[in-house]
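Undergrad: the following block contains a protein sequence and its predicted model.
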Amino acid sequence: MIETRALRTVFRVFVALATAVCGFQLLTAPGHAQSADSRLVDISVHSPSMGRDIPLQVLRPADTSTPAPTLYLLNGVDGGKDDATWSVRTDAPKFFADKHVNVVTPLSGAFSYYTDWERPDPGLAKSGNNNGVNMWTTFLTEEIPPVIDSTFGTTGENALAGLSMAGTSVLDLAMAAPALYKSVGSFSGCAMTSPGIGQDFVKLVVAVGGGDAENMWGPYDGPGWPAHDPVVNADKLPRIPMYITTATGIPGPYDRLADPRIDNDVRDVVADPRIDNDVTDLALQLVLGGGIEAATHYCTTQLADRTNALGMNNIRYNFKPAGTHSWGYWEDDLHDSWPMIAASLGV
């Protein structure tokens with residue numbers, strides 16, 4: 001009981017601080033964009049269920065003469081706003097340059113948990129400058145796959161991965177459409193949504209965007225919340241390859257101004273490109289990113305205990321001994337999970 005109460009306080013304090021101080025700056029702080037890539041295609045697809053056009057970024061394979069499978073790669077709480085997206089914050093364009101796969105990333109969905117909401121939300125309508133209708137499970141599992149398949153001539157095989165908020169979402173999406181994806185990657189997500197710590201976290205995250213989480217899954221004491229909880233419903237997770245990872249929140253190799261990955265460049269040796277040699281950004285990453293990652297670590301241990309008890313040997317858990325809730329680690333997660341994803345897609 002003491003541990004649960006303490007962790008719940010951690011959730012409230014760190015998410016509230018993120019709201020007041022930096023608006024989840026860990027996901028939106030300025031950084032160094034990767035070089036422009038001609039394989040990146042920006043498109044918009046109309047969603048009948050949401051009644052609006054949804055912007056997407058598609059990273060095409062170098063060889064488009066033969067069909068390729070698709071990896072749906074979801075952003076975090078900002079939904080790709082302010083360059084907080086995979087193609088800018090990581091080396092994804094370079095990494096996938098020799099991979100025969102289409103990588104599709106929605107550039108929308110901030111604070112939505114990429115789920116179907118029971119009601120339109122006026123707060124998210126205002127912050128997202130849209131109609132407030134969020135039907136992301138329907139869009140991602142029913143509406144967009146046939147459009148991507150027909151437009152880009154794919155193989156029809158799909159995988160799914162996401163970070164932070166979307167690290168929770170991808171598990172729920174896999175339960176909603178168990179036959180759609182060949183594999184799933186969840187990076188630094190909290191796999192708990194039932195009343196208690198998990199629900200508190202979801203409520204606070206949605207509130208950052210001005211939303212009311214009761215518009216999402218109904219009353220806080222209602223059945224909608226446990227229905228979307230991967231820990232409670234672990235037996236409903238499809239028995240497909242999964243890579244689920246989290247760190248401890250203890251500072252790691254990307255939580256400093258110097259980036260050891262950059263060689264022979266005096267300008268960049270003294271500054272991590274994502275932190276931009278800014279001590280304030282580094283402090284926020286250490287304090288807020290450390291606290292949030294410690295909380296996701298707790299959620300992930302609960303999921304691991306549950307799935308291990310069920311004998312689910314299809315899941316690889318990676319509990320990193322150090323690291324905060326930030327892009328350097330998610331880039332590593334993408335690299336580390338790719339062999340599993342590639343094998344599932346036949347690449």
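TA: Thanks, I have the structure now. Numbering: from 1, shown residues only.
Undergrad: next, Y243: secondary structure please.
TA: With DSSP: H, G, I helix; E, B strand; the rest coil as the basis, Y243 sits in strand.
Undergrad: I figured it hits R316, correct?
TA: Yes - counting by C-beta atoms under 8 Å, Y243 does reach R316; the two are 5.2 Å apart. Every residue, glycine included, has its C-beta placed from N, CA and C.
Undergrad: the more surrounded of the two?
TA: Neighbour totals were compared for Y243 and R316, and Y243 leads with 22 against 14 (other C-beta atoms under 10 Å).
Undergrad: apart from its chain neighbours, what residue comes closest to that one?
TA: Spatial nearest neighbour of Y243, excluding adjacent residues (C-beta to C-beta, 6 or more residues apart in numbering): S337 at 3.9 Å.
Undergrad: next up, phi/psi of that neighbour, please.
TA: Dihedral angles phi and psi of S337 (degrees, to the nearest 10) take the values phi -80, psi -20.
Undergrad: got it, and I315?
TA: In terms of degrees, to the nearest 10, the main-chain angles of I315 are phi -110, psi 130.
Undergrad: tell me which residues touch it, please.
TA: 242-244, 304, 307 (C-beta atoms under 8 Å, 6 or more residues apart in numbering).
Undergrad: try 7 Å
TA: Contact analysis of I315 by C-beta atoms under 7 Å, 6 or more residues apart in numbering lists 242, 244, 307.
Undergrad: just checking, the residue nearest to Y243 touches G185?
TA: Yes - using C-beta atoms under 7 Å, S337 makes contact with G185 at a distance of 4.2 Å.
Undergrad: who's more crowded, these two?
TA: Using other C-beta under 10 Å as the criterion, S337 and G185 rank with G185 on top: 29 against 24.
Undergrad: so the more buried one sits right up against T245, yeah?
TA: No - under the criterion of C-beta under 7 Å, G185 is not in contact with T245, lying 8.0 Å apart.
Undergrad: can you show me the CA trace of stretch 206-216 as PDB?
TA: Only the C-alpha atoms of stretch 206-216 are listed here, as PDB (Å, rounded to 0.1, in the frame of the first residue of the first chain):
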ATOM      1  CA  VAL A 206      -5.100  14.000 -21.100                       C
ATOM      2  CA  ALA A 207      -5.500  17.000 -18.900                       C
ATOM      3  CA  VAL A 208      -2.200  18.400 -20.200                       C
ATOM      4  CA  GLY A 209      -4.000  18.800 -23.600                       C
ATOM      5  CA  GLY A 210      -7.100  20.300 -21.900                       C
ATOM      6  CA  GLY A 211      -9.100  17.200 -22.300                       C
ATOM      7  CA  ASP A 212     -11.500  15.400 -20.000                       C
ATOM      8  CA  ALA A 213     -10.600  11.700 -19.800                       C
ATOM      9  CA  GLU A 214     -14.200  10.700 -18.900                       C
ATOM     10  CA  ASN A 215     -15.000  11.600 -22.500                       C
ATOM     11  CA  MET A 216     -12.600   8.900 -23.500                       C
END
